[in-house]
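[1] no sequence for this one, just the structure:
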């Protein structure tokens with residue numbers, strides 16, 4: 001493994017000297033910030049970031065300020081103090097832009113092969129549900145079991161069979177029932193979502209744990225069975241196939257053994273998103289899920305990729321984001337999962353999102 005401290009040896013000597021002592025010891029990160037052999041950092045200017053001047057720097061600053069609680073004082077203290085000093089009321093985008101330009105330098109992450117880059121998306125699905133089982137509400141969402149970490153949990157199929165058999169040790173974990181098993185399955189993939197209850201109340205169902213069984217993308221299963229073409233796999237095409245083949249849907253979904261547990265949360269008026277792995281609420285189109293074995297949560301990252309738009313086609317995505325979440329399928333260096341928020345447009349973008357791209361990390365200069 002090539003640590004960031006070694007990669008920085010190739011950077012501008014003056015800049016490296018200023019941070020050499022700080023980067024020599026990574027004990028304050030949960031995991032080392034490290035790249036596999038072959039990856040390097042290429043120093044850049046903000047002028048090298050395509051569309052930098054057109055970005056919404058206020059939103060990026062809001063995300064960064066939330067993450068300052070996670071970052072070590074030794075390296076990030078100056079920038080975090082400056083960020084906190086910028087009051088939410090009254091500052092403009094130019095001031096936010098100058099903040100990043102004054103306190104950071106971008107470095108493009110250069111991969112051995114451009115084929116190693118991939119950006120996907122996720123969102124908060126909205127399901128219909130009830131606190132009581134009955135009628136169309138037959139699929140439960142389960143709380144975290146008290147013995148989750150002390151026993152070996154079975155695959156998805158076994159848990160669902162126990163639910164169908166009214167097994168009390170599983171049934172007693174149910175806190176809400178939804179009307180669509182396919183929607184519930186995709187909720188497990190996204191990790192959190194919202195449930196619109198009878199009467200109009202809406203709650204968030206947040207990630208609370210998982211069984212540890214292996215995650216299998218069922219798009220891959222459908223391609224292997226000849227049900228879908230690889231080039232046409234998306235959340236929308238998978239969902240459409242499951243809806244069109246109810247007699248086969250359960251067996252296909254069972255191929256993904258992973259099972260997620262949730263907890264209910266009240267929604268607040270200014271709610272932007274669920275709490276991510278970094279422990280702060282996610283901000284739509286500003287929060288990025290990353291591989292935490294590569295990036296420490298809280299670091300700012302510049303993303304260049306493409307996203308699909310309704311009606312067909314793609315447009316360029318050039319945004320400053322912050323590493324605030326993780327995901328079991330997010331593995332690799334130039335790899336990210338964009339949080340798009342909730343609602344129909346977010347679902348469309350996340351479901352279609354699968355594109356190569358470029359990634360730059362912003363590192364502090366003072």
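    Yes, it's here. Source: prediction; values computed, not measured. Residues are numbered from 1 along each chain as shown.
[2] where along the stretch 51-200 of the chain do the helices fall?
    Secondary structure of the stretch 51-200 of the chain (DSSP state H, counting those that start in this stretch): helices located at 57-67, 73-85, 93-103, 156-164, 168-171, 181-190.
[3] make JSON lines from the ones you listed and add distance to residue 271 and mean pLDDT to it.
    Just so you know, the C-beta spots here come from the backbone N, C-alpha and C atoms, and that holds for glycine as well. Formatted as JSON lines, those follow (distance: least, C-beta to C-beta, whole Å; pLDDT from 0 to 100):
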{"stretch": "helix 57-67", "distance to residue 271": "14", "mean pLDDT": "92"}
{"stretch": "helix 73-85", "distance to residue 271": "22", "mean pLDDT": "88"}
{"stretch": "helix 93-103", "distance to residue 271": "22", "mean pLDDT": "93"}
{"stretch": "helix 156-164", "distance to residue 271": "30", "mean pLDDT": "94"}
{"stretch": "helix 168-171", "distance to residue 271": "30", "mean pLDDT": "87"}
{"stretch": "helix 181-190", "distance to residue 271": "16", "mean pLDDT": "94"}
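[4] out of these, which comes closest to residue 138?
    Residue 138 sits nearest to helix 181-190 of all those, at 7.8 Å, using C-beta to C-beta.
[5] report the buried residues of that closest one.
    182, 183, 184, 185, 186, 187, 188, 189, 190 (16 or more other C-beta atoms under 10 Å).
[6] the helices in the stretch 251-366 of the chain, which residues?
    Counting by DSSP H, counting those that start in this stretch, the helices of the stretch 251-366 of the chain are 344-352.
[7] which regions of it lie under the pLDDT threshold?
    Flagging of the stretch 251-366 of the chain using pLDDT under 70 yields the residue ranges 366.
[8] rewinding a little: pick the one among the buried residues of helix 181-190 closest to residue 57.
    For the buried residues of helix 181-190, the residue nearest residue 57 by C-beta to C-beta is residue 190; the value is 28.0 Å.
[9] and the strand ranked longest in the chain, what's buried?
    Secondary structure of the chain per DSSP state E: the longest strand is strand 314-325. For strand 314-325, a neighbour-count test (16+ other C-beta under 10 Å) marks 317, 318, 319, 320, 321, 322, 323, 324, 325 as buried.
[10] then stretch 68-88?
    68, 70, 71, 72, 75, 76, 79, 80, 83.
[11] what backbone torsions are found at the fourth one?
    The reference is to residue 72. Phi and psi for residue 72, reported as degrees, to the nearest 10, are phi -70, psi 140.
[12] dump the residue contacts of the residue nearest to residue 262 when sequence neighbours are not counted.
    Spatial nearest neighbour of residue 262, chain neighbours left out: residue 205 (4.2 Å); criterion: C-beta to C-beta, 6 or more residues apart in numbering. The neighbours of residue 205, taking C-beta atoms under 8 Å, 6 or more residues apart in numbering as the test, are 141, 176, 187, 192, 193, 194, 195, 262, 263, 264, 265.
[13] now residue 103
    78, 79, 82, 364, 365, 366.
[14] could you do residue 204 as well?
    124, 192, 193, 194, 195, 264, 265, 266, 267, 271, 274.
[15] who does the residue nearest to residue 262 form a beta bridge with?
    residue 193, residue 264 (DSSP bridges).
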